[in-house]
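Visitor: model this:
(chains A and B)
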2 protein chains.
Amino acid sequence: MTLRLPALDPATLAPRTDSGYPEPYRSRVLPREKRQLGKALGLQQFGVNLTTLPPGKESSMRHWHTHEEEFVYVLEGEVVLRTDTGEQVLAAGACAGFPAGSGDGHQLINRSDQPAVYLEVGSRHAADVVFYPDADVDMHVDPAVHQGRFTRRDGTPY
Amino acid sequence: MTLRLPALDPATLAPRTDSGYPEPYRSRVLPREKRQLGKALGLQQFGVNLTTLPPGKESSMRHWHTHEEEFVYVLEGEVVLRTDTGEQVLAAGACAGFPAGSGDGHQLINRSDQPAVYLEVGSRHAADVVFYPDADVDMHVDPAVHQGRFTRRDGTPY
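Guide: Numbers count the residues shown, from 1 in each chain, chains lettered A, B, ... in the order given. Below is the predicted model of the structure:
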């Protein structure tokens, strides 16, 4: 497809392949490809990524947001959704949504042997704080601490 | 798939099949099915619909928003996107985004002989005004006029 704005063929975008996470969490999500559709389309109120998650990788560490909402829709393959209510397999055509301030952390894990592809949508809020409830994940994000970059739970920088 | 919140199988949702449009515009979009995924998932900051558009039907009249942003991602079939720059065919896997205040109206038309299925995401803003630039569409939405319901361009109600 040859498309021009305001339309876009996602295949024409170079994927973002980095992560702001410190180790050992970075290696749990990478390699992971995020094509930033919303940014390429000039959207400012919410982000939209087309994400490819290889077998064995995690979308993020399990987390919840105080102010930002998130939505995912699985396009290819399958992922396991982990929340307080346990694990569920989301195949192509399934979706999930994460209201702000729920206190229920979520993450996707690709436990299959094929890449999983999903759309992720997230709103943006300058005051957003991110909590990581898993005992083995010592991370925190607060715009009032360390310029909003990833810190340990006690606020000390990596 | 049997899923529980915060996950959802869209096939379990009854579609919304009505439209707030007055005639003759209502008949140009209906029958059209919108499964309100964001609402079912408890999201409040943006809406997400899984929409099925039958052959010959239009997603909406061509319009643009002063404050709200929109995004569409085609899942099945194909639609024609109409904007000021002309027409483009969006097949499955294509997307488009409509920043607020662009002044460039957009609509999707299904000119194929198969249903088209797409995801649509839209932010929400209480001050949003909607303009319909096509000469054959006498509609307008302004929260300060007629309780924000559809009016003619001159503000008179239908």
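
Visitor: Tabulate the CA atom coordinates of stretch A:57-70 in PDB.
Guide: The C-alpha coordinates for stretch A:57-70 follow below in PDB (Å, rounded to 0.1, in the frame of the first residue of the first chain):
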ATOM      1  CA  LYS A  57       9.300 -11.800  26.000                       C
ATOM      2  CA  GLU A  58       7.200  -9.500  28.200                       C
ATOM      3  CA  SER A  59       5.300  -6.400  27.000                       C
ATOM      4  CA  SER A  60       6.400  -4.600  30.200                       C
ATOM      5  CA  MET A  61       6.900  -5.300  33.800                       C
ATOM      6  CA  ARG A  62       3.500  -5.700  35.500                       C
ATOM      7  CA  HIS A  63       2.300  -2.200  36.300                       C
ATOM      8  CA  TRP A  64      -0.600   0.200  36.800                       C
ATOM      9  CA  HIS A  65      -1.000   3.900  36.100                       C
ATOM     10  CA  THR A  66      -2.500   6.500  38.400                       C
ATOM     11  CA  HIS A  67      -3.800   8.800  35.500                       C
ATOM     12  CA  GLU A  68      -3.300   7.100  32.200                       C
ATOM     13  CA  GLU A  69      -5.600   4.500  30.600                       C
ATOM     14  CA  GLU A  70      -4.500   1.700  28.300                       C
END
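
Visitor: In stretch A:142-158, which residues are buried?
Guide: Going by neighbour count (16 or more other Cβ atoms under 10 Å in any protein chain shown), the buried part of stretch A:142-158 is A:142, A:146, A:150-151. The way it works is simple: take the backbone N, C-alpha and C, and place the C-beta from them, glycine included.

Visitor: what does stretch A:97-114 give?
Guide: A:97-100, A:102, A:105-110, A:112.

Visitor: Not including adjacent chain positions, what is the nearest residue to the residue sitting furthest away from the middle of chain A?
Guide: Ranked by distance from the centre of chain A (Cα atoms, centre = their mean), the top residue is residue A:2, with 28.3 Å. Excluding the flanking residues, the one nearest residue A:2 by Cβ to Cβ, 6 or more residues apart in numbering or on different chains is residue A:9, at 7.4 Å.

Visitor: same question, residue A:113
Guide: Nearest residue to residue A:113, sequence neighbours excluded (Cβ to Cβ, 6+ apart): residue A:55, at 5.2 Å.

Visitor: what about the one you found, how many residues close to it?
Guide: Using other Cβ atoms under 10 Å in any protein chain shown, residue A:55 has 12 neighbouring residues.

Visitor: Tell me which residues touch it, please.
Guide: A:110-115 (Cβ atoms under 8 Å, 6 or more residues apart in numbering or on different chains).

Visitor: Among these, which pair sits farthest apart?
Guide: Within these, A:111 and A:115 form the most distant pair, 12.5 Å apart (Cβ to Cβ).

Visitor: which residue ranges form the strands in chain A?
Guide: All strands of chain A, identified by DSSP state E, fall at A:7-8, A:33-36, A:46-53, A:64-65, A:70-76, A:78-83, A:86-91, A:95-98, A:107-109, A:116-123, A:130-131, A:140-141.
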